[in-house]
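Novice: One predicted model, sequence on top.
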Amino acid sequence: MSNKFNVKDLIVDTKIYLLIIGLLTCILAFYEPKITVIMLFILGYLIYYYKKNIHLRKLEWTSYIQKLTDDFDYATRDSLFNLPLPLVILSKEGSILWYNPKFMDIIEQKHFLGENIKQIIPNISIDDVLNLEKMSSTEASIGKRDYKILYNVVNTSEETNTNNANYIIMLYLVDNTSFSILKQKYLDEKTSVCLIEVDNYDEVRKKTESSRVPVVFAEVDKILNEFAKSIDGFIRKYEQDKYIIVFENRFLKILEDAKFDVLDNIRSIDQGNEMPITLSIGVGVFGKNPAQMYEYARAAIDIALGRGGDQAVIKKIERLSFYGGKSKAVEKRTKVRARVISHALRQLIDQSDKVFIMGHKNGDMDSFGAAIGIANAVRSRGKKAYIVLDDVNPQIKNIYNRLYNEKPDYFDDVITSSQSYLKATEDSLCVVVDIHRPKSTEAPKLLEIIGKVVLIDHHRRGVEFIDNPILTYLEPYASSSCELVTEILAYMDNKIHLDKFEAEALLAGIAVDTKNFTFKTGVRTFEAASLLRRYGADTTSVKQLFQDDLETFIMKADVVKRARIINNEIAISSFDEDVDDYILIAAQAADDLLNINGITTSFVLAIKDNKIHISGRSLGKINVQLVLEKLGGGGHLAVAGAQLYDVTLNQAEALVEKAVTEYLEEGEE
């Protein structure tokens, strides 16, 4: 039988001919009946021949289709078995149903039929494969080779429902090793820009004998030059305390594995300097060009400085990595900066139609006191000042009640976030105090409505930051935002305009963040407190702002009683009472735990409405900011906090212990 089958053979016109003969026979019957009989016999034979011919044609076509199917099945089986690419067929659960010899060659195991594909290719997701909206390929490493995995999903049943349909999955592995090697070589040979700044250059010079100063900083130069040489880098010193290093990306992992030990090497310099030298390092990686990599490095070192220095920050496009930052920040502010900020803020206030002032959610005495201080500055310039506050929590209840009783004009200008959205205009000014994370502000949407934003904060800078503030006064060396605001007020006009209530609100903010002048206090802290005292702030009245009722005092004592001690110096306790001032109780209990002999660090957890608040406190040996940043929080070396959702108290305590363990292990490394 010939395989050359013409489809036109199926187009049969015989029916038309038979129909014409039939019509002619009927017409002939009227004129020649005898001939009609003969014509009927002929017509019958033609019909018989036609039927027989059609039957033969059908048999021929069926035979042809069957042979074509057999040939196709054979070709399919042969191509699958001898496919030059590794091929594996899976069930929809991921079990291996079949594989070709090429796939067997790249897998070291001999028997894996029926096993799940994840045991061989762990990073493949069967759910993503079955989801047709996902990408149709992925990448994986098997042994020492890299593969691009293409897949095809076949529905072998008539069901269209994903849950009921019977799928088989065909994975094709394309060797991608050469491309991966080339890509990695390209990435390794790209340059990175590293900016280095000596944090406390002026302080070290002042506190070092003049004859030893050149020796001290010559040692800094020597260590940094050796550091650059170890990574085949190019280093240049472009200011007395600033350096730039350009090196290849392939050395970045070495630096990360070593946790940037150059920080420790610089800190250990002992050439007659009375105080340790610290560095801030910013590294820009994966920029499109050298200019962009420098911008990344500049942003990274700004963050390092904003977090208190003595640390390295790596900026890989949008991703940030932090190393170091475990030493206590040294006060190095100058009054020149406070004067410049004050004059700039005064101009911005004068150019605005109204000013909105807000702190962070669950405001404390520092954020509320700073807001009152800025409101004083705005009012002294003849402008309208609104303090944005949604909830009055127990931490500010006493000062808020005094505001209501003693300053009704201020009280009328305390508005909610929803009211601020209606009142704000493009010509308004927004001043954010005591917080730099936009999502944690009292009214995040206000930052989008108002184009001009001023930031005044004393916390170490985190990953989240307000976009493009027109004026930034971020000083992690300051004790509190109230201290910064007090200095700003001192330079706002020729004479400061503070009454007793405003001075006490600012002093209360300083007192709460310094734990009554025992934590993070510098010369400038006492100067600010002295200025506020001069304007009528009464320490007895300030102390009354922190008084608690008997029930709260008993709850705090109970939290201290339940504390567990780990590593002989870290106290962890929890509080599960459903009360409004749970955050205040946790914070004060954490402070009280530090009064116990031998305790250097404390963590207190409190739960309410499926949200767990963590208060961390330290005497300086452990940086609680770095510990709680692992849980999404932040703060200072000595005072920090974090919030967790959808976990139990026991689970949260386990997470805190894990974060502490990781922190201590990093320190040992």
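Specialist: Good, I have the coordinates.
Novice: In the stretch 301-450 of the chain, where is pLDDT below threshold?
Specialist: Applying pLDDT under 70 to the stretch 301-450 of the chain picks out residues 325-334.
Novice: where do the helices sit along it?
Specialist: With DSSP state H, counting those that start in this stretch, the ranges of helices along the stretch 301-450 of the chain come out as 335-350, 365-380, 397-406, 408-411, 417-423, 446-449.
Novice: ok, then the element right after the host helix or strand of His55?
Specialist: According to DSSP states H and E, His55 maps onto helix 33-81. Once the chain leaves helix 33-81, the next helix or strand it forms, by DSSP H and E, is strand 87-91.
Novice: Against which helices or strands is the following helix or strand past that following strand packed?
Specialist: Where DSSP H and E defines the elements, the next helix or strand beyond strand 87-91 is strand 96-99. Packing partners of strand 96-99 (3 or more C-beta pairs under 8 Å, 6 or more residues apart in numbering; DSSP states H and E): strand 87-91. Quick note: C-beta positions are derived from backbone N, CA and C, even for glycine.
Novice: Other residues contacting the longest strand along the chain?
Specialist: In the chain, with assignment by DSSP state E, the single longest strand is strand 145-155. With contacts defined as C-beta atoms under 8 Å, 6 or more residues apart in numbering, strand 145-155 is touched by 86, 106, 121, 124, 129-130, 132, 136-141, 165-177, 179-180.
Novice: which of the residues you listed are buried?
Specialist: Buried by 16 or more other C-beta atoms under 10 Å: 86, 121, 124, 129-130, 138, 140, 167, 169-173, 176, 180, out of the contacts of strand 145-155.
Novice: Would you agree Ile572 falls within a strand?
Specialist: Yes: read with DSSP: H, G, I helix; E, B strand; the rest coil, Ile572 is one of the residues of a strand.
Novice: Tell me which residues touch it, please.
Specialist: Ala563, Arg564, Ile566, Ser602, Phe603, Val604, Leu605, Glu653, Val656, Glu657.
Novice: Distance check, it against Thr441.
Specialist: According to C-beta to C-beta, to the nearest Å, Ile572 stands 30 Å off from Thr441.
Novice: cool, Leu545 as well?
Specialist: 24 Å.
Novice: One more: Phe103?
Specialist: Here Phe103 is placed at a distance of 56 Å from Thr441 (C-beta to C-beta).
Novice: what do you get for Ile622?
Specialist: Using C-beta to C-beta, one obtains 28 Å as the distance from Ile622 to Thr441.
Novice: related to what we said a few turns ago, for the helices of the stretch 301-450 of the chain, give me CSV that also has mean neighbour count.
Specialist: Formatted as CSV, those follow (neighbours: other C-beta atoms under 10 Å):
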stretch, mean neighbour count
helix 335-350, 16
helix 365-380, 27
helix 397-406, 16
helix 408-411, 12
helix 417-423, 15
helix 446-449, 17
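Novice: Could you save those as a markdown table and add columns showing distance to Asp499?
Specialist: As requested, the helices of the stretch 301-450 of the chain are exported to a markdown table (distance: least, C-beta to C-beta, whole Å):
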| stretch | distance to Asp499 |
| --- | --- |
| helix 335-350 | 19 |
| helix 365-380 | 8 |
| helix 397-406 | 9 |
| helix 408-411 | 10 |
| helix 417-423 | 25 |
| helix 446-449 | 28 |
